[in-house]
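Chemist: What follows is a predicted protein model with its sequence.
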Amino acid sequence: MALTISPDKPVVAVGQRITLTANGAVGSVQWGTPAFGGVITGSGNQITYIASDKAGLDSVTARDDFSLVSVNIVVTQPQIEIKPENAQWDIFTNRDNIKKLAYDPIGKSIWVATEGGLEKRDVETGEVKAVFMQTDGLPSNNINALQFDNYGNLWVATYEGLAIYTPSNSKWNTITTKNSNLPNNVILTLHIDADNKLWLGLSTGIASYSINSEKIMQSYQFVFDTNLPGSGAKYSDKIYLENGKVRIDKTKNRSDMIDKFL
């Protein structure tokens, strides 16, 4: 029987140990010094190989009375076990595209709506003091509009619903089609009137929300009319007050505009 070493394809992490066995030996077995930094302990037909602190390829020889054999040992970096319950993930989003700004005179900060989250910046230095995303309570990272109400709360319009930030307790709450009678989650613009009523410009129309009673009061859906310029795929681009009435600009593109008064 020919002399062999087992395992024949040993793999061990840096600094770890593995047992090597000489099989089929005739007479005594002599082990050679590892070629690239490892160490062996013991003697006879079975020894222990201790890997060095560097990953790479090492080799060990074994000799009996009639033959000489060698085995290559792969030394790897230690494997790190990641358990989902203990994992900590960093989320990176692109906040280069700024869509809206809102000034908070009480907190002396500027809130910046971007396609990758909501930034809170120092009004004097411009330093980013905080970044809020879906993981913090926003319905979506893509933010379309910002509006402070008379109580100092910040209202945030997104493509997946409405969010309200209360500075006094630093908490987020959301309003979506799942927990309210909001007709559509795609909110493109916001406006608060003198009665502290919040008007929402939606992808399919508009809605009014009573901040005091915390519920949707009214909603209006756009009617498809092929005779109107820019009809089809219309959305509410702007909401503002004019002569005491709410004005909605519905646009299909930048050059096609329809005005409607309620």
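Modeler: Arrived safely, thanks for sending.

Chemist: Give me the below-cutoff pLDDT ranges for the stretch 51-200 of the chain.
Modeler: For the stretch 51-200 of the chain, the stretches flagged by pLDDT under 70 are 80-91.

Chemist: Please, where are all the strands along the stretch 1-150 of the chain?
Modeler: Under the criterion DSSP state E, counting those that start in this stretch, the stretch 1-150 of the chain contains strands at 4-6, 11-13, 17-23, 30-31, 39-41, 46-50, 56-63, 68-76, 98-104, 109-114, 117-122, 128-132, 143-148.

Chemist: List the strands paired with the longest one, with their directions.
Modeler: Neighbouring strands of strand 68-76 in its sheet, by DSSP bridges, are strand 11-13 (parallel), strand 56-63 (antiparallel).

Chemist: can you list contacts of that strand?
Modeler: 3-5, 8-14, 18, 20, 32, 34, 38, 49, 51-52, 54-63 (CB atoms under 8 Å, 6 or more residues apart in numbering). C-beta: built from backbone N, CA, C; applies to glycine.

Chemist: And the buried ones among the residues you listed, selectable in ChimeraX?
Modeler: One line in ChimeraX is enough to select the buried ones among these; burial here means 16 or more other CB atoms under 10 Å:
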select :3,5,10,12,18,20,34,38,49,51,58,60,62,63
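
Chemist: related to what we said a few turns ago, how about the strands of the stretch 1-150 of the chain, which one is nearest P167?
Modeler: Proximity to P167 (CB to CB) singles out strand 98-104 among these, at 7.8 Å.

Chemist: strands paired with that closest one, and their directions?
Modeler: strand 109-114 (antiparallel).

Chemist: Alpha carbons of the strand it pairs with, as PDB, please.
Modeler: Extracted in PDB, the C-alpha atoms of strand 109-114 (Å, rounded to 0.1, in the frame of the first residue of the first chain):
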ATOM      1  CA  SER A 109     -33.100  74.500  10.800                       C
ATOM      2  CA  ILE A 110     -33.600  73.800   7.100                       C
ATOM      3  CA  TRP A 111     -35.400  70.700   6.100                       C
ATOM      4  CA  VAL A 112     -34.400  69.300   2.700                       C
ATOM      5  CA  ALA A 113     -36.500  67.000   0.600                       C
ATOM      6  CA  THR A 114     -34.600  64.700  -1.700                       C
END
